[in-house]
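Engineer: Just need the structure, nothing else, for what follows:
(6 chains)
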There are 6 protein chains.
Amino acid sequence: MKTLRRALFIGRFQPFHNGHLYAIKYILSEFDEVVVVIAAAQYNYTVENPFTAGERVEMIKRGLGELYMRSYIIPVDNIPSNYLWPRHVLERTPRIEVVFSNNKLVQELFEAYGVTTKNTPILPGVSGTSVRRLMAEGGDWRSLVPRSVVDFIEEIRGVERVKTLWGLAVKIPGERL
Amino acid sequence: MKTLRRALFIGRFQPFHNGHLYAIKYILSEFDEVVVVIAAAQYNYTVENPFTAGERVEMIKRGLGELYMRSYIIPVDNIPSNYLWPRHVLERTPRIEVVFSNNKLVQELFEAYGVTTKNTPILPGVSGTSVRRLMAEGGDWRSLVPRSVVDFIEEIRGVERVKTLWGLAVKIPGERL
Amino acid sequence: MKTLRRALFIGRFQPFHNGHLYAIKYILSEFDEVVVVIAAAQYNYTVENPFTAGERVEMIKRGLGELYMRSYIIPVDNIPSNYLWPRHVLERTPRIEVVFSNNKLVQELFEAYGVTTKNTPILPGVSGTSVRRLMAEGGDWRSLVPRSVVDFIEEIRGVERVKTLWGLAVKIPGERL
Amino acid sequence: MKTLRRALFIGRFQPFHNGHLYAIKYILSEFDEVVVVIAAAQYNYTVENPFTAGERVEMIKRGLGELYMRSYIIPVDNIPSNYLWPRHVLERTPRIEVVFSNNKLVQELFEAYGVTTKNTPILPGVSGTSVRRLMAEGGDWRSLVPRSVVDFIEEIRGVERVKTLWGLAVKIPGERL
Amino acid sequence: MKTLRRALFIGRFQPFHNGHLYAIKYILSEFDEVVVVIAAAQYNYTVENPFTAGERVEMIKRGLGELYMRSYIIPVDNIPSNYLWPRHVLERTPRIEVVFSNNKLVQELFEAYGVTTKNTPILPGVSGTSVRRLMAEGGDWRSLVPRSVVDFIEEIRGVERVKTLWGLAVKIPGERL
Amino acid sequence: MKTLRRALFIGRFQPFHNGHLYAIKYILSEFDEVVVVIAAAQYNYTVENPFTAGERVEMIKRGLGELYMRSYIIPVDNIPSNYLWPRHVLERTPRIEVVFSNNKLVQELFEAYGVTTKNTPILPGVSGTSVRRLMAEGGDWRSLVPRSVVDFIEEIRGVERVKTLWGLAVKIPGERL
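Structural biologist: Residues are numbered from 1 along each chain as shown, chains lettered A, B, ... in the order given. So this is what the prediction gives:
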């Protein structure tokens, strides 16, 4: 069996949107498999991170459809040390050749390990922040998200959750109570 | 789209062996999808836990073959509180209906959450401990492990690692130095 | 012995004030016992959390007077996962039927466990933030706090501490040094 | 108001038994109030620590009866550093004068902080270990435990839990799976 | 051998600058030895904390030159509890008599342990923040830092790192992704 | 300034003994500087780890004498992941070329990072375990430890501490209470 060529792709996926899917399709046009790392896995039910790691896993698998056969989806907690973080990610993921990220710090941190990094193409105007804002303000978030992910978010009443969190954030920054 | 029926299956997978595959095939004969939870994800390079979480993810995907399309593979760290642990697992996994485990404590802990638990059929004589012992002592571990997983373990020189750790365990119980 | 009807009440109690006492009296008019959870127990000597968990325990017991016989006072650390947090609280508290809180997120998180939540009546104009501000700025905080708690705060020189922390916050947001 | 004289008493209370009650009565014959610290609060559903912190709080309050009015019950997690541990306890408890313990290490650790320590009188033959063993083996544990605590343990089906854990311990030392 | 008189000096040393050296020389004119504590040791590759603990150790030893023979350099992680923190520092450092700090909270926290605290003389206009800002904006940071530390920072390409982080901070406050 | 050649040496130093000094002298005959890592820094007042990290720092500096000018002494906590651990050590230490250790696992873990490892010469019959046993049993431990370290241990009444802990270990394995 020949060795599979594999790349890593990191995001928070709050929620999984068309920009993520676009990037993964691009990566899978160049590599055999992609390892999708869900960062900040320990956070949930906050303004920035409304969905749990498990919900994010489920929406990504749905969003990937048949591409899932060539993908891994791995939740990884954030840790305090940036220097240590790439090794923490690599501890929990299959062997990879390249890391795809447009974040310059992520690139630098992985390159310190001798891992090659590359930019991903982006869809203008689509970001997790913009999707959450549209959810909170009653805008058209559905057109920015794969159809199967829209269904999932509605099944778990995700829009109501984002709205609740959005309102609280204004009054209670930082701490829960 | 009809709701998928999904079950949870938990193990340490040190390494993934024929008994695990047998149980997962059984679960997938009853359910649409299976969530494979890699417990004790934070441990590695010890006698009981020689392989990293990432290596375990990779060997399970290989071992599952086509069944992977109906599976999730999620590493989850152990935590000190047993009472809290099922919720910690559910936080990081897609929604499930049933937990498969032959461990009576695991069953009791999940049932305290109202989750149904079931026993899995077992292959006599196949366990992680027996596979690691055969590796360490030069016995026939290959017949207890799927062919693709044998290949993977040899690629990463896993037998040498188990042997090194096995020897150290006798001399240095508990602490690294 | 008949089963006691018990409710949970959560706050940071920085410090315990008349609004807290008012809510607890209301809860004890409906329930046999109240479990008072001190949230954010691990924080102290900060602008938002000037008092240690132990100091908060002591001031609440004093403030409750004879009502203490029907109360529990339990410090609980904050944890990163909101989804996990209600179970973390329930692990450390006696069995309860209802959670009292006016915080919509707290309500939602506990209801996801099947726990009923209710609003508490509030005293207008009394909050931990307003008491701390009055302490820092030399205003009349004493009228917002039970007499026995005023005495306690003066015994431990609490006002001086709040003033020191208040000044530092302006200059050194976030980190200690 | 004169200052209350207060002492600290530490145990795991797995479960609360007549020896604990005997020691607390003795302490309250000398001091105005006692602070009962539940050590190892984060552990539960194990052979050594079958009951959760919340269950231990509830059984101690029941066992104390009217003495509760002069008591505090505070769960405290274990931490890795023994040197740091007394300060960790004092952070979460009201001010105390004396620590009661028959454990020589506990005495030494607190004395390093300038805290006086004293021995408690003991009831021969009564210990947490002996109570749990009698539970597991079907012996007469009820005579070693206050009547109200017996009732509580039966309400939560505690004996069945201890039996389940006792059996597992033989087969699975150390790790959950 | 007579007992050495020893003092503690705490900073983040991001990076070690002339103000730090000035304070240490002052301390060593009064004491036999100085314990230099690197606070916030677990943070690195952030705007406020660009350098790792190991890099900070190396630059401080270089900056001290011959004074190193009378110095200790100890990295210490931040912890959530301010009340516990001085004991956490003392656990990891040799015995000291006095803590030097101009931070009023640090003074108060150590004095609660009975440790004497003193102010250090300061060099006007030199602070970690000002040095990092000059690095990021292409200003003259070299004149504020000992020559040997300038060399070290250039060897590890520290200015480039500070510039990368400075830019990201504007766009991505708080979280890595 | 030419680049210094630097090596890493790891131990628990419970306590620092002649074998450690012998190894460090050997390393400093080949390298310009040595980084002495105190492993298991978070443990203290246990049978295996009687001395705090700070006490170990102090005894090592004393034991090194003039060699200290060419040495670093860095306490590092143990972490659960062996795979991550070398990076955790390197985060907190100056840049090094070689790691000296006779432990085969330590060698393998560092070599996975591309770091060269070498064996150290050993003094037969001298180990931390043997020194602690002699302390506990009233034997001649002083001849196995540098004179200045003997003095330090006596100043802090270290032998009494080891004896207390030794006795407790027999009765209370594992947990503090």
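Engineer: Can you show me the helices along chain A?
Structural biologist: For chain A, the helices defined by DSSP state H cover A:18-30, A:53-64, A:85-91, A:104-111, A:128-137, A:147-155, A:158-171.
Engineer: most packed of those helices?
Structural biologist: helix A:53-64 (a mean of 25; mean count of other Cβ atoms under 10 Å in any protein chain shown). Yep, even glycine has a C-beta here, placed from its N, CA and C like the rest.
Engineer: in chain A, what spans have low per-residue confidence?
Structural biologist: For chain A, the stretches with pLDDT under 70 are A:1-2, A:169-177.
Engineer: Near whichever residue of it sits closest to chain C, how many other residues are there?
Structural biologist: Taking Cβ to the nearest Cβ, chain C has its nearest neighbour within chain A at residue A:45, 3.5 Å off. By other Cβ atoms under 10 Å in any protein chain shown, the residues close to residue A:45 number 22.
Engineer: and it, what does it touch?
Structural biologist: Contacts for residue A:45 (Cβ atoms under 8 Å, 6 or more residues apart in numbering or on different chains) come out as A:52, A:161, A:165, C:82-83, C:105, C:108-109.
Engineer: Redo the helices of chain A as a markdown table? Include distance to residue C:7.
Structural biologist: Formatted as a markdown table, the helices of chain A follow (distance: least, Cβ to Cβ, whole Å):
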| stretch | distance to residue C:7 |
| --- | --- |
| helix A:18-30 | 44 |
| helix A:53-64 | 30 |
| helix A:85-91 | 41 |
| helix A:104-111 | 47 |
| helix A:128-137 | 32 |
| helix A:147-155 | 32 |
| helix A:158-171 | 23 |
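Engineer: Please identify which of those is closest to residue B:16.
Structural biologist: Proximity to residue B:16, assessed across the helices of chain A by Cβ to Cβ, is greatest for helix A:85-91 (17.6 Å).
Engineer: Do the closest one and chain C come into contact?
Structural biologist: No - figure legend: helix A:85-91 not in contact with chain C (Cβ under 8 Å from any Cβ of the partner chain); closest approach 15.4 Å.
Engineer: For the residue of chain A found nearest chain F, which non-adjacent residue is closest in space?
Structural biologist: Closest approach between chain A and chain F, counting by Cβ to the nearest Cβ: residue A:87, at 4.5 Å. Excluding its sequence neighbours, the residue lying closest to residue A:87 (Cβ to Cβ, 6 or more residues apart in numbering or on different chains) is residue F:87, at 4.5 Å.
Engineer: Could you do residue A:41 as well?
Structural biologist: Nearest to residue A:41 is residue A:75, by Cβ to Cβ, 6+ apart, at 3.6 Å.
Engineer: That neighbour touches residue A:43, doesn't it?
Structural biologist: No - with contacts defined as Cβ atoms under 8 Å, residue A:75 does not count as touching residue A:43, sitting 10.7 Å away.
Engineer: Name the nearest residue to residue A:133, sequence neighbours excluded.
Structural biologist: residue A:139 (7.4 Å).
Engineer: what does chain A have sitting close to chain F?
Structural biologist: So chain A meets chain F at A:81, A:83-84, A:87-88, A:91 (Cβ under 8 Å from any Cβ).
Engineer: If we use 10 Å, what do you get?
Structural biologist: Within chain A, the positions near chain F by Cβ under 10 Å from any Cβ of the partner chain are A:79, A:81-88, A:90-92, A:113-114.
Engineer: Touching both of residue A:75 and residue A:43, which residues are there?
Structural biologist: Common contacts of residue A:75 and residue A:43 (Cβ atoms under 10 Å, 6 or more residues apart in numbering or on different chains): A:52-53.
Engineer: so does stretch A:88-98 get close to chain E?
Structural biologist: No - residues of stretch A:88-98 are not located near chain E by Cβ under 10 Å from any Cβ, the shortest gap being 11.0 Å.
Engineer: quick one: that stretch near chain D?
Structural biologist: No - interface with chain D: stretch A:88-98 contributes nothing (Cβ under 10 Å from any Cβ), its closest point being 17.9 Å away.
Engineer: how long is that stretch end to end?
Structural biologist: 16 Å (Cα to Cα, to the nearest Å).
Engineer: what separates that stretch from the chain centre, distance-wise?
Structural biologist: 16 Å (Cα atoms, centre = their mean, to the nearest Å).
Engineer: ditto for stretch A:148-165
Structural biologist: Using Cα atoms, centre = their mean, the offset of stretch A:148-165 from its chain centre is 16 Å.
Engineer: Same check on stretch A:62-74?
Structural biologist: 13 Å.
Engineer: repeat for stretch A:104-115
Structural biologist: Here stretch A:104-115 is found 18 Å from its chain centre; the criterion is Cα atoms, centre = their mean.
Engineer: Please apply the same query to stretch A:87-96.
Structural biologist: That offset, for stretch A:87-96, works out to 16 Å (Cα atoms, centre = their mean).
Engineer: Can you tell me, leaving aside adjacent residues, what's nearest to residue A:37?
Structural biologist: Using Cβ to Cβ, 6+ apart, the closest residue to residue A:37 is residue A:10 (4.5 Å).
Engineer: dump the residue contacts of the one you found.
Structural biologist: Counted by Cβ under 10 Å, 6+ apart, residue A:10 has contacts A:35-39, A:74, A:76, A:86, A:89, A:93, A:99-101, A:103, A:106, A:110, E:176-177.
Engineer: I'd like to know which of those are buried.
Structural biologist: Buried members of the contacts of residue A:10, scored by 16 or more other Cβ atoms under 10 Å in any protein chain shown, are A:35-39, A:74, A:76, A:86, A:89, A:93, A:99-101, A:103, A:106, A:110, E:176-177.
Engineer: Hmm, residue A:27 is touching residue A:7, no?
Structural biologist: Yes - with contact defined as Cβ atoms under 10 Å, residue A:27 reaches residue A:7; the gap is 5.1 Å.
Engineer: and for those two, which residues touch both?
Structural biologist: Taking Cβ under 10 Å, 6+ apart as the contact definition, residue A:27 and residue A:7 share the neighbouring residues A:33-35, A:98, A:100, A:118, A:120.
Engineer: Turn the residues you listed into TSV, columns for distance to residue D:56.
Structural biologist: Rendered in TSV, the data for these read as follows (distance: Cβ to Cβ, whole Å):
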residue	distance to residue D:56
A:33	49
A:34	48
A:35	43
A:98	52
A:100	50
A:118	54
A:120	52
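Engineer: What parts of chain A come near chain E?
Structural biologist: Within reach of chain E by Cβ under 10 Å from any Cβ, chain A has these residues: A:10-14, A:37, A:39-40, A:43, A:48-49, A:78-85, A:101, A:103-109, A:112, A:128.
Engineer: Show only the entries of those residues found in strands.
Structural biologist: A:10-11, A:37 (DSSP state E).
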